[in-house]
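S.K.: I need the structure of the sequence given here:
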Amino acid sequence: MGTGQGAKVILSTDVFAVAPPDMDPELLPPNCIPSDILLRGVVAGVRDYGNPMGIPTPNGSVIFHEDFRAKPTVLVGAYGITPEEYVTKGEPLVGDRIVVIGGRTGRDGIHGATFSSAEMTERTATVNATAVQIGNPIEEKKMADLILEARDRGFIRAITDCGAAGFSSAIGEMGENIGVRVDISSAPLKYEGLAPWEIWLSESQERMILAVSPDNMDAFRKLCERFSVEATDLGYFDGSKRLQVYYGDEVVADLDYEFIINGLPQRIIEAKFVREVFEEPDIPEPKDKKDWEEVFKKIMSHGNVCSKLPIVEQYDTTVQGGNALSPFGGINYDAPNDATIIRPLLNKQYGMIVSHGINPILNRIDPRRGAIWAATEAVSNLVAAGGNYKDMVLCGNYISPVPDGQYMGALDIMVDAIDEFEDAIGRPVVSGKDSLSSTYTYRDGRKLHVPPVVNISTLGKMPDVDKKMTTGFKKIGSTIVLVGKMHPGMGGSTYYDIYGGLGNEVPEVDLEVLPKTFNSVNAGIVSRDIRACHDVSHGGIGGAIAEMAFGGDCGVELELNIKTRPDFFLFNETAGTFIVEVESPEKAQELFGGVPHVVLGKTTSEKVFIVDNNNEELFILGIDKLKDAWQEPMRTLFH
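M.R.: Here you go, the predicted model:
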């Protein structure tokens, strides 16, 4: 809403990294929320804000790891549209009024930014109880509608939201090139008794700061009255190059902007990442059908693989009417798609496609490969759903446990890795943010650090939403193909995790082969020669094929010819590889002759998962058994 001179929000996305709901309760640190309650709470929080505003939530994911048990990562993103003429951020002029619109100011949110940037302890829940803002989506909805009309009528010279540090950052940043004079005694309050510093720093939500020309103030006030949105004149931009804050006659702050911007000595940290060596898990190779069934069901029921449909069903993914690709589809509407597509303008055929990629544990093992894996998964999701990476931009979010030498070294490596990825595919990162504190300190001084998080999101434009692609198999007897260059590394995989291991070799994405793979898959989708497509990520090749069979309500028969361990092949999670359905092996060679690809088998009418290797049967498993294991965890949690 604060982008340019005001934008309309048309889509939101949510990504949660939390502890497994079935985690041993003894591992929960003192005064922390149990993971099952926490996950239901954050899901409800997203549901009860965006949807009441009329914003769909059709994209997201949940990642589980025990080290998020004290301080989870909750990333919620917004996507919007605005006419091109209003894209440029406005600059206030001398004499423009400083106007706050929307909600009132309260103590909720005071020190929200500083609290979220500090390590947690068992006292956090009580000491920082007021740091969390109290949301009011109906107030936000009224303000959102007001902003669009005010923008179109030319009333908004500049606009920004009251985020971290509230008025102090919103007003302070807007006036940094010109100077401001404000009187916060006139700010509308939720209740009496707030000290001036609390008013200035409160992060209460549903508040926006606008620069409005004095000539437009009367008309703007009338518009606010029509939308039932409170608007208050706090002062003006005075050209002084100073930040002057008053509470009536009391001087709260009078600071020179040169001092504010450059007066704080910068902290210098020597970043030095020392790679940790983890024990390689000793995993017995499955010997018979019983072993394979047990392993495959554990893979499909793992938190990072299992169906998130019960979470998605908490949200309205179709409000605003532009939905062109839902989070779930297939014959029974319960198989996952890789991205979401909406039509921002209902009278236009083009669409907005959104996806993301995240796998924090990989960054603990290998920050470079882990960051590239996340970026590759994000773009692979977009490509698998029919998007063209050449019509796409990226957004990066980084969460590091603590700003010390070790983790700053890892962060430096991860940022460089994303830069390397950008160069490889020729696309930019245009947005993002970071948080450098995600640590819990026990009473005895022990530290609990989250795995460093890199979440990469995509935003692309599709010329024709009818060229979308879904994951479910479409036809019996079709050929199943693995497309892309696979790497043998199993470090950080779901397969290793079900045996309690990490490993040391994260799958490496070949950045020279990757763009060619993307191009070949996109061309096959556009030509409609590809009937179904799913990227390989959590759960590996076997997990991707199983989900495609769920969507097609059918079976598969794979005939492998590999010399390596078949379990390490089927559960390998190399990002940037795809499982596709095409008409025949000949069509696969025609489409993918210029990139690595392997014909794996075919779809079948009988709902079983059959795998042979070198003409020897490995296993036959019922598709419905795998599907039950896949659906059970979240179905139990959100019953």
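
S.K.: F592 and N519 touch, don't they?
M.R.: No: contact criterion Cβ atoms under 8 Å: F592 and N519 do not qualify, at 10.6 Å. From N, CA and C alone the C-beta is placed, and that goes for glycine too.

S.K.: looking at the two, which one has more neighbours?
M.R.: Legend: neighbour count by other Cβ atoms under 10 Å for F592 and N519, higher for F592 (26 against 16).

S.K.: enumerate every residue touching that one.
M.R.: For F592, the contacting residues are 481, 483, 520, 524, by Cβ atoms under 8 Å, 6 or more residues apart in numbering.

S.K.: lowest-pLDDT helix or strand in this structure?
M.R.: Using mean pLDDT, DSSP states H and E, helix 112-116 stands out as the lowest-scoring helix or strand of the chain, at a mean of 51.

S.K.: now do the strands in the stretch 51-200 of the chain.
M.R.: Using DSSP state E, counting those that start in this stretch, the strands of the stretch 51-200 of the chain run over 59-64, 73-81, 97-102, 158-161, 180-183.

S.K.: now render these as CSV, adding distance to E206.
M.R.: Shown next, in CSV, are those (distance: least, Cβ to Cβ, whole Å):
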stretch, distance to E206
strand 59-64, 23
strand 73-81, 14
strand 97-102, 4
strand 158-161, 9
strand 180-183, 19
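
S.K.: now tabulate the ones you listed in CSV and tack on mean neighbour count and mean pLDDT.
M.R.: Output for the strands of the stretch 51-200 of the chain, formatted as CSV (neighbours: other Cβ atoms under 10 Å; pLDDT from 0 to 100):
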stretch, mean neighbour count, mean pLDDT
strand 59-64, 23, 97
strand 73-81, 18, 94
strand 97-102, 24, 98
strand 158-161, 21, 96
strand 180-183, 23, 98
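
S.K.: the ones you listed: which one's closest to G387?
M.R.: strand 59-64 (12.6 Å; Cβ to Cβ).

S.K.: what helices or strands is that closest one leaning on?
M.R.: Secondary-structure packing of strand 59-64 (3 or more Cβ pairs under 8 Å, 6 or more residues apart in numbering; DSSP states H and E): strand 8-18, helix 309-312, strand 351-357.

S.K.: which stretch among the ones you listed is buried most, on average?
M.R.: Among those, strand 351-357 has the highest mean neighbour count (mean count of other Cβ atoms under 10 Å), at a mean of 27.

S.K.: so what does the very next helix or strand once past it touch, helix or strand wise?
M.R.: For strand 351-357, the following helix or strand on the C-terminal side (DSSP states H and E) is helix 360-365. Counting contacts by 3+ Cβ pairs under 8 Å, 6+ apart, helix 360-365 is packed against helix 367-384, strand 453-462.

S.K.: C-alpha coordinates for the last one, PDB please?
M.R.: Pointing back at strand 453-462 there. Only the C-alpha atoms of strand 453-462 are listed here, as PDB (Å, rounded to 0.1, in the frame of the first residue of the first chain):
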ATOM      1  CA  VAL A 453      17.100 -18.900   6.600                       C
ATOM      2  CA  VAL A 454      17.100 -17.900   2.900                       C
ATOM      3  CA  ASN A 455      13.700 -17.500   1.400                       C
ATOM      4  CA  ILE A 456      13.600 -16.500  -2.200                       C
ATOM      5  CA  SER A 457      10.200 -15.400  -3.700                       C
ATOM      6  CA  THR A 458       9.400 -14.900  -7.400                       C
ATOM      7  CA  LEU A 459       7.000 -12.500  -9.100                       C
ATOM      8  CA  GLY A 460       6.400 -13.100 -12.800                       C
ATOM      9  CA  LYS A 461       4.100 -12.100 -15.600                       C
ATOM     10  CA  MET A 462       2.400 -14.600 -17.800                       C
END
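
S.K.: angle of it against strand 351-357?
M.R.: Using axes from the mean of the first three to the mean of the last three Cα atoms, to 10 degrees, the direction of strand 453-462 lies 160 degrees away from that of strand 351-357.

S.K.: what's the farthest-apart pair in the contacts of F592?
M.R.: Top of the distance list for the contacts of F592 (Cβ to Cβ): V481 and S520, 10.7 Å.

S.K.: in helices, which of the contacts of F592 fall?
M.R.: Judged by DSSP state H, helices contain the following of the contacts of F592: 520, 524.

S.K.: burial count for the closest residue to S301 other than its chain neighbours?
M.R.: Leaving out its chain neighbours, the residue that sits closest to S301 by Cβ to Cβ, 6 or more residues apart in numbering is A629, at 4.4 Å. Using other Cβ under 10 Å, the number of residues around A629 comes to 21.

S.K.: checking my notes, A629 in a helix, right?
M.R.: Yes: counting by DSSP: H, G, I helix; E, B strand; the rest coil, A629 is located in a helix.
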